[in-house]
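*Asks:* return atomic coordinates for the entry below.
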Amino acid sequence: MEHPTGGLPSEQSISIKHAQAQFSSLVKRAKETRERIVITWRGEPVAAIIAADELTQLPAMGPGISSVAEIPPADAAPAVPATPLVPDADTVTLKDVAERCGVHLSTVALAFNAQSQRRMRPETRARILSTAREMGYNPELHSEARRLAFRKSGRTMIHHAVAVFFELESLEQSYHTRQLHTAMDELMSANYDVVSHRIHPAYMQESIPDIHGLISYALPRIILRGDIDGAILFCAPRDDMYRLLTQLRGSAFAQRPIVSIITPLPGCSSVLCDDFAGGYALASHLLDLGHRHLAHCYTEHEYSHTLRIDGYRHALCEHRLDPEVHLHYYSLQDIPNDLPRLLRRHPEITGIMAPNDPFAGTIHALLQELGYRVPEDYSLTGFDDTDPILDEQGHNILTTVTLRLEEIGSTAARMMIHQITHPDAPIESVQCPITLTIRSSTAPPHHV
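*Replies:* Prediction:
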């Protein structure tokens with residue numbers, strides 16, 4: 001349909017700038033011809049009507065207005081009631097929300113900035129967010145523009161996304177999955193997205209070319225773009241872990257917060273268990289039962305095992321026993337061969353302390369193969385309280401140190417959120433307590 005005075009097609013798509021210019025021309029013609037005109041959006045009347053002697057001001061035209069249509073004279077059709085302009089949800093901007101709320105644009109931006117929420121009244125923020133939801137505002141559609149604005153102003157944008165790094169074998173171990181699940185639950189309940197990334201040693205050896213042929217780090221693209229607020233590391237402190245730290249710090253991730261689980265890392269906050277107390281509790285328990293020679297696995301560069309050995313030695317000293325004489329070591333890497341050799345070489349050993357519950361299960365099976373009984377011939381302890389050793393009735397017999405693994409995971413997540421929302425917060429380390437859980441795998445020795 002053609003406008004009788006201007007020849008404007010009734011469904012012609014036009015830009016905002018042109019719509020405003022044509023609207024002014026149409027208003028002038030409407031006054032001269034005593035016709036009425038309505039602005040339509042997607043074929044529906046959405047704006048004010050222009051009559052011959054009366055002009056209802058058009059609301060600010062935002063993205064989504066697509067056409068101008070002519071309406072017949074008053075005697076040909078009833079007037080269409082004026083309707084507030086409702087922009088398309090895909091094109092609603094912070095400016096639209098600000099105009100609807102009657103506040104400045106910067107006030108709306110402040111309401112969406114997690115770091116600045118404490119600077120505004122809660123009721124104001126609640127009203128702005130409620131209005132934004134009603135209008136269908138989607139902040140993710142405007143993340144690029146917000147990121148650019150933050151960079152220009154030298155501020156750090158919160159993306160509400162945290163990376164979680166883990167090793168593949170971790171997904172097969174209750175020790176790691178219990179921490180990982182609670183950390184993820186805590187993050188997601190606080191509206192943070194979780195980006196999981198498996199660490200493979202082969203991937204960490206050197207930089208690799210990206211899809212454009214440029215040298216890139218072996219990291220997810222979302223991290224390389226700087227779209228992650230922080231990282232939680234569920235990994236052992238091997239060389240590849242330190243390479244990962246170097247790559248993170250050298251990428252767009254830069255100096256954003258990192259929380260390390262169980263093992264402290266330089267420049268990172270950490271959530272630890274009290275390994276010294278755990279080692280001390282196990283050794284003291286065995287010594288109190290009458291054991292005088294204890295065996296413990298030896299591992300190099302293991303922070304937690306070093307602390308446990310300190311705990312063992314402290315307990316031995318309290319019982320006036322020389323750790324150099326009464327504490328014996330076997331290799332973690334070669335338990336099937338090294339432990340039997342140690343037991344043959346030192347028949348005085350009556351207590352064996354495994355590095356964790358799965359290894360305690362391996363040692364228990366090995367002792368049975370060698371014809372030994374637990375606890376009649378050897379008392380056996382684990383660490384972590386994750387994997388049971390079952391007797392014929394299905395009862396767990398393993399004496400062990402119980403770690404609050406779920407608490408470690410949730411504490412790490414809360415620490416991460418705090419450091420994201422408080423960028424000036426110092427690096428911190430939290431130590432979770434342990435509990436000695438005594439079961440039937442330990443008993444007084446039959447020979448001392």
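*Asks:* okay, helices next: where are they in the protein?
*Replies:* Secondary structure of the chain by DSSP state H: the helices cover 16-33, 94-101, 105-111, 122-135, 143-153, 174-189, 221-224, 239-250, 275-289, 303-318, 323-326, 335-345, 357-369, 405-421.
*Asks:* against Thr411, how distant is Ile232?
*Replies:* Noted for Ile232: a distance of 11 Å to Thr411, by CB to CB, to the nearest Å. C-beta: built from backbone N, CA, C; applies to glycine.
*Asks:* what's the answer for Leu233, then?
*Replies:* For Leu233, the distance to Thr411 - CB to CB - is 14 Å.
*Asks:* just Arg320 next, same as before
*Replies:* For Arg320 relative to Thr411 (CB to CB), the value is 38 Å.
*Asks:* more crowded one of the two?
*Replies:* Thr411 (20 against 6; other CB atoms under 10 Å).
*Asks:* check what pLDDT the nearest residue to the more buried one once chain neighbours are set aside gets.
*Replies:* In space, Thr411 comes closest to Val271 once its chain neighbours are excluded; the distance is 5.0 Å by CB to CB, 6 or more residues apart in numbering. If you check Val271, the pLDDT there is 96.
*Asks:* and Val271, how many neighbours?
*Replies:* Neighbours of Val271 (other CB under 10 Å): 27.
*Asks:* domains of the protein?
*Replies:* Per automatic domain parsing, the structural domains of the chain span 1-86, 89-153, 161-273, 276-403.
*Asks:* how about Leu398: what's its closest non-neighbour residue?
*Replies:* Ile389 (4.5 Å).
*Asks:* mind listing what that neighbour touches?
*Replies:* By CB atoms under 8 Å, 6 or more residues apart in numbering, the contact list for Ile389 reads 357, 360-361, 364, 382, 396-398, 441.
*Asks:* hang on, the earlier thing: would you turn the helices of the chain into CSV with mean pLDDT and distance to Thr435?
*Replies:* Listed next are those as CSV, based on pLDDT from 0 to 100; distance: least, CB to CB, whole Å:
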stretch, mean pLDDT, distance to Thr435
helix 16-33, 53, 66
helix 94-101, 88, 51
helix 105-111, 83, 45
helix 122-135, 88, 40
helix 143-153, 60, 45
helix 174-189, 93, 15
helix 221-224, 80, 37
helix 239-250, 77, 28
helix 275-289, 97, 8
helix 303-318, 94, 14
helix 323-326, 96, 24
helix 335-345, 89, 26
helix 357-369, 95, 14
helix 405-421, 96, 12
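*Asks:* mind listing what's buried along stretch 396-412?
*Replies:* Going by neighbour count (16 or more other CB atoms under 10 Å), the buried part of stretch 396-412 is 396-405, 407-412.
*Asks:* how close does Ser440 get to Asn337?
*Replies:* 28 Å.
*Asks:* the more surrounded of these two?
*Replies:* Under the criterion of other CB under 10 Å, the comparison of Ser440 against Asn337 puts Ser440 first, with 15 against 11.
*Asks:* may I ask which two of the buried residues of stretch 396-412 are separated the most?
*Replies:* Ile397 and Ala412 (31.5 Å; CB to CB).
*Asks:* of the helices of the chain, which is nearest Ala161?
*Replies:* Nearest to Ala161, of the helices of the chain and by CB to CB, is helix 221-224 at 7.2 Å.
*Asks:* can you list contacts of the closest one?
*Replies:* 161, 163, 195, 197, 216-217, 228, 231, 248, 251-253.
*Asks:* list the buried residues for it?
*Replies:* 222-224.
*Asks:* of all the residues you listed, which comes closest to Ser284?
*Replies:* Ile223 (44.9 Å).
*Asks:* please verify my assumption that Gly361 contacts Leu390.
*Replies:* No. With contact defined as CB atoms under 8 Å, Gly361 does not count as touching Leu390 (9.6 Å).
*Asks:* who touches the residue nearest to Cys235 when sequence neighbours are not counted in this structure?
*Replies:* Spatial nearest neighbour of Cys235, chain neighbours left out: Met241 (5.1 Å); criterion: CB to CB, 6+ apart. Contacts for Met241 (CB under 8 Å, 6+ apart) come out as 199, 233, 235, 265.
*Asks:* and Ile223, how far from Leu171?
*Replies:* 20 Å.
*Asks:* more neighbours: Gly361 and Leu390, which one.
*Replies:* Set side by side, Gly361 and Leu390 show more neighbours around Gly361, with 18 against 11, by other CB under 10 Å.
*Asks:* name the nearest residue to the more buried one, sequence neighbours excluded.
*Replies:* Ile389 (5.5 Å).
*Asks:* picking up where we left off before, from what I can see the residue nearest to Thr411 touches Ile408, true?
*Replies:* Yes. Under the criterion of CB under 8 Å, Val271 makes contact with Ile408 at 5.2 Å.
*Asks:* before we move on, back to that, how about the residue nearest to Gly361, phi and psi?
*Replies:* phi -110, psi 120 (degrees, to the nearest 10).
*Asks:* distance of it relative to Val430?
*Replies:* In terms of CB to CB, Ile389 sits 31 Å off from Val430.
*Asks:* ok, Met353 next?
*Replies:* 26 Å.
*Asks:* looking at these two, which one has more neighbours?
*Replies:* Neighbour count, other CB under 10 Å: between Met353 and Val430, Met353 has more, with 25 against 15.
*Asks:* any idea what the closest residue to that one other than its chain neighbours is bridged to?
*Replies:* In space, and not counting its chain neighbours, Met353 is closest to His296: 4.6 Å by CB to CB, 6+ apart. Beta-bridge pairing for His296 (DSSP bridges): Tyr329, Met353.
*Asks:* if anything else comes up later, I'll come back, but that's it for now.
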